[in-house]
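J.: sequence plus predicted model, see below.
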Amino acid sequence: MTALVGSLMTLKRRVELSRAKHPSLTGHARMSRRVAALVPFYEYDESRFFCSDGAPAEVATRRRDGFMRLSALYRERFGDTVRRTAEAAEGISDLQFTETYRVPFQYSRFVRAHLQVGAFVESSDGVTVTDLDGNRFYDLTGSYGVNLLGYDAYKEMMRRGLERVHDLGPVLGAYHPVIAGNVRRLRAISGLDEVSFHMSGTEAVMQAVRLARYHTGRSHLVRFCGAYHGWWGDVQPGVGNPAPARETYTLKDMSEDSLRVLRTRTDIACVLVNPLQALHPNAAAPADTSLVSGGRSAHFDKAAYAEWLRKLRAVCTERGIVLIFDEVFVGFRLARGGAQEYFGVRADLVTYGKTVGGGFPIGVVCGRRDLTKRFREDRPADICFARGTFNSHPAVMGAMDEFLRYLETPDAQALYRDLDALWNGRARQLNKLLSDQDLPVQVANLSSIWTVCYTRPSRYNWMLQYYLRAEGLALSWIGTGRLIFSLNYTQADFDEVAARFVSAARAMERDGWFWCSPAASNRTVRRSILEEMIAHRLMPLRDHRS
């Protein structure tokens with residue numbers, strides 16, 4: 001009887017865990033890896049490239065003509081930048097990866113042959129960057145979140161910071177005294193007791209999880225479906241990680257089923273929250289490489305997400321689970337006190353990175369004193385080790401001091417005042433311009449972090465990134481999936497960006513890329529692609545049998 005009861009309880013926990021997982025492949029890490037391994041490579045030749053969605057000949061011709069015009073423009077305008085990028089790519093594996101995965105794989109080789117994107121820029125000024133050919137772009141990359149205040153501000157912070165630590169130079173191990181002010185300010189901002197420094201945001205998250213496991217004596221971490229916490233194994237359990245993560249639960253965001261798992265399991269050390277997921281819960285970071293329909297969606301509801309975090313906080317407190325806010329990306333972008341201040345919820349450990357380095361690489365862990373201690377008084381051999389050669393590098397600490405000092409100034413306080421109202425208004429402005437011209441594009445935003453959504457089920461929405469670049473808008477590798485504005489954008493700057501954005505979308509419409517069959521839906525588009533994949537997967541088997 002005891003064995004039967006134990007088996008039933010185990011089954012119950014497994015069912016609860018299964019229910020707490022998002023039904024998509026993103027929510028099932030092991031299944032996503034298996035499915036990814038089955039996806040066959042195939043590509044469209046030129047005759048199929050422009051009509052893979054069944055477009056009529058007239059539309060395919062418009063697309064071809066528009067594509068070739070764009071290709072000629074890229075060769076003329078970006079020639080030296082593209083040439084230097086191609087030369088460098090032979091020795092930089094990162095460039096080979098990003099170029100290959102800029103668009104859906106079926107289209108990638110043809111696009112790379114005709115629409116090459118340069119990876120080099122020579123200078124930055126205001127809200128613009130300039131490439132090797134002298135082209136100035138309005139910067140919408142945000143340097144993947146680093147650029148909060150504008151590049152000019154960071155260049156000045158880096159210069160002044162280096163001057164302050166110049167006499168010490170690259171002495172490591174010992175600290176420059178400037179670190180004391182950084183620790184004091186970070187404690188005040190985070191509301192937590194202690195601080196440790198690391199070389200990247202990924203490292204900071206690794207240390208936060210290690211500390212949680214050390215102090216709770218439990219094995220598993222919980223992450224939420226779609227959330228990004230760096231590239232190390234335990235927080236990237238699905239596609240992209242060669243080895244499966246065995247001590248990670250990937251649960252649904254904003255779900256009572258997930259709270260039930262947290263209440264009932266005894267092996268959970270910590271819960272990781274990336275506040276950026278408030279913009280697209282349970283979905284991975286959007287990228288044009290997966291944009292094969294118009295099904296991308298995003299919406300930010302601050303009140304709903306704050307309520308979810310309060311529930312999560314209560315359950316973690318009740319169960320002795322460490323709540324970790326991973327603010328590497330959003331830290332200081334939403335509020336001076338980060339996501340804790342913005343949503344009104346306190347975490348046990350908080351990680352910062354990117355912006356707080358004042359322009360230099362950094363990772364920071366702030367935490368409660370009982371969670372950040374790395375040794376046990378009564379067991380001297382039981383330690384939680386974490387060090388790095390360049391942790392607390394004097395140059396980084398000097399620039400960080402400049403950044404944190406700036407946050408205390410009246411200028412910084414003014415910058416954060418009515419921040420949401422400003423950027424929400426700008427999003428509405430762009431959406432109205434697009435809808436007034438009946439263009440099938442809209443934006444959704446979390447303050448100054450935006451994503452582009454499409455209201456028509458086209459297989460070619462990813463082409464917009466190339467039209468935007470032609471209009472002088474610089475995008476990150478993931479294209480229209482994420483636009484990150486620095487807070488020094490004036491209204492005049494933004495008006496110009498909006499005008500160029502609309503112009504790019506109009507050109508897309510003119511060239512036929514937004515065409516879709518009256519019978520098409522996002523579901524039918526995805527189904528047709530699935531059928532293609534199955535056919536190509538079975539093709540070798542048919543060839544073998546014949």
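T.: Yes, it's here.

J.: how about the strands in the stretch 201-350 of the chain?
T.: Listed in chain order, the strands of the stretch 201-350 of the chain (DSSP state E, counting those that start in this stretch) span 220-224, 248-251, 268-273, 322-326, 349-353.

J.: contacts for the third one next, please.
T.: Counting contacts by CB atoms under 8 Å, 6 or more residues apart in numbering, the residues outside strand 268-273 that touch it are 205, 208-209, 212-213, 216-224, 227, 229, 235, 249, 261-262, 309, 312, 316, 319, 321-326, 347, 349. Placement of C-beta: from N, CA and C, glycine included.

J.: buried ones among those?
T.: Listed as buried from the contacts of strand 268-273 are 205, 208-209, 212-213, 216, 218, 220-224, 227, 229, 235, 249, 261-262, 309, 312, 316, 321-326, 347, 349; burial here means 16 or more other CB atoms under 10 Å.

J.: which sections of the stretch 301-450 of the chain are below the confidence cut-off?
T.: Judged against pLDDT under 70, the stretch 301-450 of the chain has no low-scoring part.

J.: where does the stretch 1-150 of the chain dip in pLDDT?
T.: Residues of the stretch 1-150 of the chain that meet the cut-off, pLDDT under 70, sit at 1-10.

J.: ok, which stretches of it are strands?
T.: Secondary structure of the stretch 1-150 of the chain by DSSP E, counting those that start in this stretch: the strands cover 123-125, 128-130, 136-139.

J.: helices and strands around the last one, which ones?
T.: Contacts defined by 3 or more CB pairs under 8 Å, 6 or more residues apart in numbering; DSSP states H and E place strand 136-139 against strand 128-130, strand 473-474, helix 491-510.

J.: skip ahead from that strand and say which helix or strand is next.
T.: If you walk from strand 136-139 toward the C-terminus, the next helix or strand you reach (DSSP states H and E) is helix 151-165.

J.: quick check: which of the strands of the stretch 1-150 of the chain is buried the most?
T.: Of these, the one with the most neighbours on average (mean count of other CB atoms under 10 Å) is strand 136-139, at a mean of 21.

J.: which residues does the spatially closest residue to residue 390 that is not a sequence neighbour contact?
T.: The shortest distance from residue 390 to any non-neighbouring residue, by CB to CB, 6 or more residues apart in numbering, is to residue 199 (5.3 Å). For residue 199, the residues meeting the contact criterion (CB under 8 Å, 6+ apart) are 361, 362, 363, 388, 390, 391.

J.: can you redo the residues you listed as a markdown table with neighbour count?
T.: Formatted as a markdown table, the entries for the contacts of residue 199 read as follows, by neighbours: other CB atoms under 10 Å:
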| residue | neighbour count |
| --- | --- |
| 361 | 16 |
| 362 | 31 |
| 363 | 27 |
| 388 | 15 |
| 390 | 15 |
| 391 | 17 |
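
J.: closest to residue 465 out of those residues?
T.: The closest of these to residue 465 turns out to be residue 361 (CB to CB; 26.9 Å).

J.: that closest one contacts residue 400, doesn't it?
T.: No - with the criterion set as CB atoms under 8 Å, residue 361 and residue 400 do not qualify as a contacting pair; they are 10.9 Å apart.

J.: rewinding a little: to residue 420, which of the helices and strands packed on strand 136-139 lies closest?
T.: Of all the helices and strands packed on strand 136-139, the one in closest proximity to residue 420, counting by CB to CB, is helix 491-510 (15.2 Å).

J.: quick one on the thing from earlier: any chance of JSON lines for the strands of the stretch 1-150 of the chain, columns distance to residue 432?
T.: What follows is these, written out as JSON lines (distance: least, CB to CB, whole Å):
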{"stretch": "strand 123-125", "distance to residue 432": "30"}
{"stretch": "strand 128-130", "distance to residue 432": "25"}
{"stretch": "strand 136-139", "distance to residue 432": "20"}
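
J.: who wins for proximity to residue 20 among these?
T.: When the strands of the stretch 1-150 of the chain are compared for distance to residue 20 using CB to CB, the nearest one is strand 136-139, at 39.7 Å.

J.: send the alpha carbons of the closest one over as PDB?
T.: Presented in PDB, the C-alpha positions along strand 136-139 are these (Å, rounded to 0.1, in the frame of the first residue of the first chain):
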ATOM      1  CA  ARG A 136      25.000  57.400 -41.400                       C
ATOM      2  CA  PHE A 137      22.300  55.200 -39.800                       C
ATOM      3  CA  TYR A 138      19.900  56.000 -37.000                       C
ATOM      4  CA  ASP A 139      20.800  53.300 -34.500                       C
END
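
J.: partner strands of it and their direction?
T.: With DSSP bridges as the criterion, the sheet partners recorded for strand 136-139 are strand 128-130 (antiparallel), strand 473-474 (parallel).

J.: and the helix or strand following the shortest one, average pLDDT?
T.: Proceeding N to C from strand 473-474, the next assigned helix or strand is strand 483-484, under DSSP H and E. Per-residue confidence for strand 483-484 averages out to 96 on the pLDDT scale.

J.: now the residue nearest to residue 390: phi and psi?
T.: Note on residue 199: backbone dihedrals following degrees, to the nearest 10 are phi -90, psi -10.

J.: which ones are touching residue 31?
T.: By CB under 8 Å, 6+ apart, the contact list for residue 31 reads residue 25.

J.: and the longest helix along the chain, which residues are buried?
T.: In the chain, taking DSSP state H as the definition, the longest helix is helix 522-545. Applying a neighbour-count criterion of 16+ other CB under 10 Å, the buried positions in helix 522-545 are 522, 525, 528, 529, 533.

J.: gap between the third one and residue 52?
T.: Taking CB to CB, to the nearest Å as the measure, residue 528 falls 9 Å from residue 52.

J.: before we move on, back to that, ok, the contacts of residue 199 vs residue 279, which is closest?
T.: Of all those, residue 363 has the smallest distance to residue 279: 22.8 Å, by CB to CB.

J.: go ahead and confirm that closest one touches residue 202.
T.: Yes - counting by CB under 8 Å, residue 202 is a contact partner of residue 363 at 7.2 Å.

J.: not counting sequence-adjacent ones, nearest residue to the residue nearest the centre of the chain?
T.: Taking CA atoms, centre = their mean as the criterion, residue 285 is the residue nearest the geometric centre of the chain, at 5.0 Å. Spatial nearest neighbour of residue 285, excluding adjacent residues (CB to CB, 6+ apart): residue 228 at 5.6 Å.
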